[in-house]
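Engineer: My questions are about this predicted structure, shown below with the sequence.
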Amino acid sequence: MDNDVPFISNTPADKHCLPAAYAMIRQYYEPDLEISWEDWEVQTGYVAGKGAWSMAGLMWFKENGYDVVHIGTFDYKSFVERGDQYLLEALGEEVGKWRLQHWDMKVERARARRFLESNVWVNREADLFDVRKFLDEGYLVKCLVNLRALNDEPGYLGHAVVVKGYTDTHVIMHDPGLPPRPNRHVDIQHFLKAWIDPEAQSEKMDAIRKLPTKEEIIAGDMIPLADTIADEPLIAA
């Protein structure tokens, strides 16, 4: 299966892979959307010169009519309580220091408090079955990978990609780059190597899908995911 997802490239400064990934997902479900980079940076929590963590973007989706599931073993409660120390312990020296350099920790710890209240986090390791399952159920999937490992290079560079489909042997992704690589077919074992690098149990993913509105349900355009919809309960209390 392979979803027809519009492609959006990273910017020339090479700091917008995550906003670009989330923009692709939003554009897929809202094809008539027009939004500037500046506005989308605010909504996804981008900090100039630093980049963005996933929490702000996920909370935006959650608060704007989307179903969101974030699977990963990073303990956001411990991060709120212990900050940099927990980050280095959980991610290791190389990755931890990279993220300390590229994220505003004070801002991210404040976001983590809100993120814990959003109830989108599933505290376990993600796997390929999750990716396929959510794609089959109409979601798009964002994965954080080591771009260096994905490109057969040494070292670590955190990078967001949109997984839009799969075959028996490959994962199909939009890689915002740089360089931009739409419809990138990656052998499953190669993808798993980049996904788990640089340490075991580092796999994490976001599954995102637009919730049907009341009008869409009535028209039969979308199947409700649960007893609630974007605007109000389907069945009144």
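Structural biologist: Structure's in. What do you need?
Engineer: you'd agree Tyr46 is up against Pro19?
Structural biologist: Yes. Shown here, Tyr46 and Pro19 form a contact pair, counting by CB atoms under 8 Å, at 5.5 Å. Using the backbone N, CA and C atoms, a C-beta is placed for each residue, glycine as well.
Engineer: which neighbours do those two share?
Structural biologist: Trp40, Ala52 (CB atoms under 8 Å, 6 or more residues apart in numbering).
Engineer: Compare these two (neighbour count), which wins?
Structural biologist: Pro19 (25 against 21; other CB atoms under 10 Å).
Engineer: what residues does the regular element (helix or strand) spanning that one touch?
Structural biologist: Secondary structure assignment for Pro19, by DSSP states H and E: helix 17-29. With contacts defined as CB under 8 Å, 6+ apart, helix 17-29 is touched by 3, 5-11, 33, 35, 37, 40-41, 44, 46, 51-54, 57, 61, 66, 140, 142, 159-162, 174, 176-177, 208-210.
Engineer: In strands only, show me those.
Structural biologist: If you go by DSSP state E, these have Tyr66, Leu140, Lys142, His159, Ala160, Val161, Val162, His174, Ile208, Arg209, Lys210 in strands.
Engineer: and the closest residue to Asn3 other than its chain neighbours, helix, strand or coil?
Structural biologist: Here the nearest residue to Asn3 in space, its sequence neighbours aside, is Lys164; by CB to CB, 6 or more residues apart in numbering that works out to 4.6 Å. Under DSSP: H, G, I helix; E, B strand; the rest coil, the three-state class of Lys164 is strand.
Engineer: Settle this for me: Lys164 is touching Ile172, isn't it.
Structural biologist: Yes. Counting by CB under 8 Å, Lys164 does reach Ile172; the two are 5.7 Å apart.
Engineer: hey, what's in contact with both of the two?
Structural biologist: Common neighbours of Lys164 and Ile172, using CB under 8 Å, 6+ apart, are Asp2.
Engineer: So which of these two has more stuff around it?
Structural biologist: Set side by side, Lys164 and Ile172 show more neighbours around Lys164, with 24 against 19, by other CB under 10 Å.
Engineer: now Arg113: how far from Gly83?
Structural biologist: Distance of Arg113 to Gly83, computed by CB to CB, to the nearest Å: 12 Å.
Engineer: in this structure, which residue is closest to the centre?
Structural biologist: Lys142 (3.7 Å; CA atoms, centre = their mean).
Engineer: contacting residues around that residue?
Structural biologist: Residues near Lys142 by CB under 8 Å, 6+ apart: Leu18, Ala21, Tyr22, Ile25, Ser54, Ala160, Val161, Val162, Val163, Met205, Asp206, Ile208.
Engineer: in the protein, which spans are helices?
Structural biologist: Secondary structure of the chain (DSSP state H): helices at 17-29, 37-44, 54-63, 76-82, 84-91, 93-102, 105-117, 128-136, 147-150, 188-196, 214-219.
Engineer: Just say which of the ones you listed is most tucked in.
Structural biologist: Burial of the helices of the chain is given as mean neighbour count (mean count of other CB atoms under 10 Å); helix 17-29 ranks first at a mean of 24.
Engineer: CA atoms of the worst-scoring helix or strand of the chain on mean pLDDT as CSV?
Structural biologist: Lowest mean confidence among the helices and strands of the chain (mean pLDDT, DSSP states H and E): helix 214-219, at a mean of 71. Extracted C-alpha coordinates of helix 214-219, given in CSV (Å, rounded to 0.1, in the frame of the first residue of the first chain):
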residue,chain,number,x,y,z
LYS,A,214,-20.2,15.5,12.2
GLU,A,215,-21.0,16.5,8.6
GLU,A,216,-18.7,14.0,7.1
ILE,A,217,-20.2,11.2,9.2
ILE,A,218,-23.7,12.1,8.2
ALA,A,219,-22.6,12.3,4.5
